[in-house]
Every structure is written in structure tokens, then in C-alpha cells.
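>>> Quick check, what structure comes out for this input:
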Amino acid sequence: MIYHTSNKEISRINLWKVDDDTFRIIEYDKLMPIMTGSDYTIVSKELVVAFEELLADEVEIRPIKIIRKSTNEEWNGFYELIIKEHIDPEKIKITNENERSVWQYHYQLFVSETLKNKIESEIRGAFEFSEGFSLFI
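Numbering: from 1, shown residues only. So this is what the prediction gives:
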């Protein structure tokens, strides 16, 4: 089984990718352990350890900084996940049977049950997991 993974707490933060290691805050709200947008998936330092053991053909992990230009604030300790495998509702049955651990669907994070358990152990109670595409269909 695969799981869509998201924060329990809602934040409306919106980021814009400036370059390979910098994201600028466009709409400010609380920084979250998982942040997804139109072209990015970002996780906090506490959460990145769950992804570090994955193979390079599954995910590339890049340290980034987040800046807020209006106040000159800067945050480190976040990582962009470059997830190699894309998923869609038509491929979910095949995906459930392969040995991958992480996927993306329109930059939304999907993980295997094993990785789900790792994420839950890193930051308890902070995330929601829904089976497959149950929130999308």
C-alpha cells in the first residue's frame, strides 16, 4: 500500500524557487515539516533522516535555505526532495506491487508503508496518511 503524506496542521505558506538552493517566501505562514508546491517538495531537518537511506535512483536530497525578503529573515535546516518516480491513479495498482519507497503526484508526497512508519517515528503525531488516492478521487 502507498500513502499520501501531509501535515496535520494546515499552513498556507507559498514558496518560489529562486535557484537550486534558495526558496523565497511569497505568502508567509508557519514553516512546516513537509511543504509542497507547484514545483517542489521540501522537508525539515528532523524529517530528512527518514529519506536518507533511500537509493539515489529514488530521491535526491538537496539542502536549501528559505528567505523572506521583506524582513531579511533566513531559515536553514530544510531539504528539497527531488523525487524521481511519478505516480498517477492509473499506475497505483502496479505501484503497490513494486519495491519503491517514495513517489510524487503533482508534487504531493506519497510513501510506502515502511517509509510511512519511519516518518511517524521521526516526528510523532505531526502527519496524516491517507491510502492511495483516496483524497484525490
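>>> Wait, a strand at K65?
Yes: residue assignment for K65, taken from DSSP: H, G, I helix; E, B strand; the rest coil, places it within a strand.
>>> Correct me if wrong: it contacts E74.
Yes: K65 is within contact range of E74, at 5.7 Å (criterion: CB atoms under 8 Å). Placement of C-beta: from N, CA and C, glycine included.
>>> Of the two, which one has the most company?
Relative neighbour count places K65 above the other of K65 and E74, with 14 against 10, counting by other CB atoms under 10 Å.
>>> Excluding chain neighbours, what is closest to the more buried one?
The spatially closest residue to K65, leaving aside those adjacent along the chain, is N76, at 5.2 Å (CB to CB, 6 or more residues apart in numbering).
>>> got a pLDDT number for the one you found?
The predicted local distance difference test score for N76 is 98.
>>> distance of it from F23?
Relative to F23, N76 is positioned 11 Å away (criterion: CB to CB, to the nearest Å).
>>> shared neighbours of these two, which are they?
Residues within reach of N76 and of F23 at once, by CB atoms under 8 Å, 6 or more residues apart in numbering, are K65.
>>> need the strands for this structure, in chain order.
Secondary structure of the chain (DSSP state E): strands at 2-7, 14-19, 22-27, 34-37, 40-44, 59-68, 73-83, 102-105, 108-112, 127-131.
>>> could you dump the ones you listed to JSON lines with distance to A50?
Conversion of those to JSON lines gives the following (distance: least, CB to CB, whole Å):
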{"stretch": "strand 2-7", "distance to A50": "10"}
{"stretch": "strand 14-19", "distance to A50": "21"}
{"stretch": "strand 22-27", "distance to A50": "21"}
{"stretch": "strand 34-37", "distance to A50": "11"}
{"stretch": "strand 40-44", "distance to A50": "8"}
{"stretch": "strand 59-68", "distance to A50": "11"}
{"stretch": "strand 73-83", "distance to A50": "11"}
{"stretch": "strand 102-105", "distance to A50": "10"}
{"stretch": "strand 108-112", "distance to A50": "9"}
{"stretch": "strand 127-131", "distance to A50": "11"}
